[in-house]
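**Student:** just coords:
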């Protein structure tokens, strides 16, 4: 499937209640994604595709919110880390250079170092093959900087905008 690449790589953040060791706790998580797309500009809708077996899928279903964090190429290694470990057992933020901060308009965290953010409320979800496509209404968006964005080429290789 490398012929569909390059695709801009993002980190999606979400928050939700989960059961850990018999206790209900609020947990933040972040995961790397390349299957995402703007869907409409009026209203501004954005979609992300997530596999149902992922820990983040459970958080998305419960919280009904997410933040799309557009990342610069310089954070490639941390973005790769966020896509290779499960947030159920690992605090990815503690292992990365990223700073977690509160989103401005939804109950979710975002990544302070992101080049731009989309804060989204989930308005629908659709099963598409082995994934679920979450459709988010963009509640707030902000550009933080104009650094070169990260794009996935396939096979563990990345590039940036020129």
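**Tutor:** In hand now; what should we look at? Bear in mind that the values here come from a model prediction, so they are computed numbers and not experimental data. Numbering: from 1, shown residues only.
**Student:** quick one: the residue of the chain positioned farthest from its centre from residue 91, how far?
**Tutor:** Most distant from the centre of the chain: residue 22, at 27.3 Å, with distances by Cα atoms, centre = their mean. Counting by Cβ to Cβ, to the nearest Å, the gap from residue 22 to residue 91 is 20 Å. Quick note: C-beta positions are derived from backbone N, CA and C, even for glycine.
**Student:** And the helices in the protein?
**Tutor:** 55-63, 76-82 (DSSP state H).
**Student:** Please name the nearest non-neighbouring residue to residue 124.
**Tutor:** residue 135 (4.4 Å; Cβ to Cβ, 6 or more residues apart in numbering).
**Student:** Bridged to the one you found, which residues?
**Tutor:** Judged by DSSP bridges, the bridge partners of residue 135 are residue 47, residue 124.
**Student:** Tell me the confidence at it?
**Tutor:** Per-residue pLDDT puts residue 135 at 98.
**Student:** I'd guessed it sits against residue 47; true?
**Tutor:** Yes: using Cβ atoms under 8 Å, residue 135 makes contact with residue 47 at a distance of 5.1 Å.
**Student:** that older thread, would you single out the least confident of the helices of the chain?
**Tutor:** Mean pLDDT is lowest for helix 76-82 out of the helices of the chain, coming in at a mean of 85.
**Student:** Got phi/psi on the residue farthest from the centre of the chain?
**Tutor:** phi 80, psi 0 (degrees, to the nearest 10).
**Student:** Next, work out how far apart it and residue 29 are.
**Tutor:** Note on residue 22: its distance to residue 29, by Cβ to Cβ, is 20 Å.
**Student:** Equivalent analysis for residue 82, please.
**Tutor:** Distance of residue 82 to residue 29, given as Cβ to Cβ: 9 Å.
**Student:** go on, residue 127?
**Tutor:** Applying Cβ to Cβ, the value for residue 127 to residue 29 is 22 Å.
**Student:** So if I had to pick from those two, which one is more boxed in?
**Tutor:** residue 29 (26 against 9; other Cβ atoms under 10 Å).
**Student:** Tell me which residues of stretch 84-102 come out buried.
**Tutor:** Residues 87, 92-93, 96, 98, 100 are the ones in stretch 84-102 that count as buried (16 or more other Cβ atoms under 10 Å).
**Student:** of all these, which comes closest to residue 160?
**Tutor:** Within the buried residues of stretch 84-102, proximity to residue 160 (Cβ to Cβ) peaks at residue 98, which comes in at 17.9 Å.
**Student:** Test my guess that the closest one contacts residue 81.
**Tutor:** No: here residue 98 does not reach residue 81: they are 9.3 Å apart, not a contact under Cβ under 8 Å.
**Student:** Great, nothing more from me.
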